[in-house]
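Colleague: No sequence on hand, only this structure:
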């Protein structure tokens, strides 16, 4: 498997328990007995009433996977799903279900739509975010067996890098424990969260919430030159590479974003989220020429970068609130203070799981930094150069 994903849930925010119950054991194969759509209940986040958002997202995805598996008892619908999975690397699951004929596919649509709504709520995203669930074939090696008519299993993307098994369901709803490190011979569909859409929507939420607290701008950091007169200096990434990692076959590509932090012109700490959608595979060097830091926003010619991964379970609104609460306590004493630790310390211990989605961090990058810089954790290496962005 070529996809890379750097673990799950360093900044998964605390959220409330879901009202989703995933049935176990043997279930009827009839389409009229699909599991009900999941519902979410948001409660106040207290120390004794907080549930890890990673658990919630995993439950939603698992319930959707089992519902889809049961729906595949219908021959025509199973063929439609097969054709879609073979024709594309990733399929919008809600759109596929809505287009189904009045068979099991049509009856599974409300389950998928309900799961999408539950995911958006759990991740702190707007209700109009759109469909988040995607379907893909776990591995290209399964294509031949799928074309030959082998009955597929359905699994949710595994969030735990250290998991020994992946739970997949057959068309009777029965769970099967598959080896997480060995690609199965039987075809397996994987239900996963659309990381591209989730990060795009999530970073908008981050900017909105951080701007409301006075720690950011409502626009992308490299998008505005109006406040910088004739233009502004940036630190541009000319190349970037993440380290190799061996992960379960059920995982997909990573979706990386960074939090750039420093002291704003007014002396208040600011945070600028930067999306890095191209950075999805480990062991590969990318040449994005992406502006990472907009120096016109900062008082000092120094900034820090914390690189994160969207792992499916990140609650962006809670993340923004936690980071804001921590950084607002940091004061400008007339000299630059590194902020990486403050960002990481903003996440309570009970928000961490076995597989943190913290990728790497870079301390005190300077406006004049040129050349290759390695991350403090040793997972990432960037090559930077100063770059002047002229005003239009």
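Modeller: Right, received. Where do you want to start? Quick caveat, the model's predicted, so the values are computed rather than measured. Residues are numbered from 1 along each chain as shown.
Colleague: mind listing the strands for the stretch 251-392 of the chain?
Modeller: Per DSSP state E, counting those that start in this stretch, the stretch 251-392 of the chain carries strands over the ranges 256-263, 269-276, 285-286, 290-294, 302-309, 358-366, 371-374, 380-390.
Colleague: If we ignore the residues flanking it in sequence, what's nearest the residue nearest the centre of the chain?
Modeller: Ranked by distance to the mean C-alpha position of the chain (C-alpha atoms, centre = their mean), the top residue is residue 310 at 2.3 Å. Once flanking residues are discounted, residue 310 sits nearest to residue 255: 4.1 Å by C-beta to C-beta, 6 or more residues apart in numbering. The way it works is simple: take the backbone N, C-alpha and C, and place the C-beta from them, glycine included.
Colleague: Please apply the same query to residue 323.
Modeller: Per C-beta to C-beta, 6+ apart, closest to residue 323 is residue 346, 4.9 Å.
Colleague: Next one: the one you found from residue 214, what distance?
Modeller: 16 Å (C-beta to C-beta, to the nearest Å).
Colleague: So for those two, which sits in the more crowded spot?
Modeller: residue 346 (18 against 13; other C-beta atoms under 10 Å).
Colleague: Could you tell me how far that one is located from residue 375?
Modeller: On the measure of C-beta to C-beta, residue 346 and residue 375 end up 19 Å apart.
Colleague: rewinding a little: nearest to residue 158, out of the strands of the stretch 251-392 of the chain?
Modeller: Smallest distance to residue 158 across those (C-beta to C-beta): 14.6 Å, for strand 302-309.
Colleague: who does the closest one touch, helix- and strand-wise?
Modeller: strand 256-263, strand 290-294, helix 340-345, strand 358-366 (3 or more C-beta pairs under 8 Å, 6 or more residues apart in numbering; DSSP states H and E).
Colleague: can you give me the offset of the first one from its chain's centre?
Modeller: Averaged C-alpha coordinates place strand 256-263 at 16 Å from its chain's average position (C-alpha atoms, centre = their mean, to the nearest Å).
Colleague: re the thing from before, save the strands of the stretch 251-392 of the chain as TSV, and put in distance to residue 205 and mean pLDDT too.
Modeller: Below are these laid out as TSV (distance: least, C-beta to C-beta, whole Å; pLDDT from 0 to 100):
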stretch	distance to residue 205	mean pLDDT
strand 256-263	12	93
strand 269-276	9	92
strand 285-286	26	96
strand 290-294	20	96
strand 302-309	14	92
strand 358-366	19	92
strand 371-374	29	97
strand 380-390	25	95
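Colleague: where do the helices sit along the stretch 101-250 of the chain?
Modeller: 104-122, 143-147, 195-212 (DSSP state H, counting those that start in this stretch).
Colleague: from those, which stretch is densest packed?
Modeller: Ranked by mean neighbour count under mean count of other C-beta atoms under 10 Å, those are led by helix 104-122, which reaches a mean of 23.
Colleague: next one: it to chain centre, how far?
Modeller: Distance, centroid of helix 104-122 to centroid of chain: 19 Å (C-alpha atoms, centre = their mean).
Colleague: how much does it deviate in direction from helix 195-212?
Modeller: If you take axes from the mean of the first three to the mean of the last three C-alpha atoms, to 10 degrees, helix 104-122 sits at 30 degrees to helix 195-212.
Colleague: mind listing what the residue nearest to the centre of the chain touches?
Modeller: Residues in contact with residue 310, defined by C-beta atoms under 8 Å, 6 or more residues apart in numbering, are 195, 198-199, 202, 254-257, 357.
Colleague: Could you rerun that using 6 Å?
Modeller: Contacts for residue 310 (C-beta atoms under 6 Å, 6 or more residues apart in numbering) come out as 195, 198-199, 255.
Colleague: Nearest to residue 180 among those residues?
Modeller: residue 195 (19.7 Å).
Colleague: Can you verify my assumption that that closest one contacts residue 255?
Modeller: Yes - counting by C-beta atoms under 6 Å, residue 255 is a contact partner of residue 195 at 3.3 Å.
Colleague: returning to that earlier point: tell me, what's the model's pLDDT at the residue nearest to the centre of the chain?
Modeller: As predicted, residue 310 sits at a pLDDT of 78.
Colleague: Number the residues from 19 up from this point.
Modeller: Noted, 19 is the first residue going forward, which turns the last one into residue 328.
Colleague: What does residue 396 show for phi and psi?
Modeller: phi 90, psi 10 (degrees, to the nearest 10).
Colleague: which residue sits closest to it in space, ignoring its chain neighbours?
Modeller: residue 261 (6.9 Å).
Colleague: who touches residue 391 in this structure?
Modeller: Residue 391 neighbours (C-beta under 6 Å, 6+ apart): residue 400.
Colleague: Could you measure from residue 328 over to residue 190?
Modeller: Computed as C-beta to C-beta, the residue 328 to residue 190 distance reads 33 Å.
Colleague: Same question for stretch 377-397: list its buried residues.
Modeller: Judged by neighbour count (16 or more other C-beta atoms under 10 Å), stretch 377-397 contains these buried residues: 377-384, 387, 391, 393, 397.
Colleague: quick one: residue 306 and residue 276, what's the gap?
Modeller: Applying C-beta to C-beta to residue 306 and residue 276 gives a distance of 12 Å.
Colleague: Which residue of those two possesses the greater neighbour count?
Modeller: residue 276 (26 against 16).
Colleague: does the more buried one really touch residue 325, like I thought?
Modeller: Yes - counting by C-beta under 6 Å, residue 276 touches residue 325, with 4.7 Å between them.
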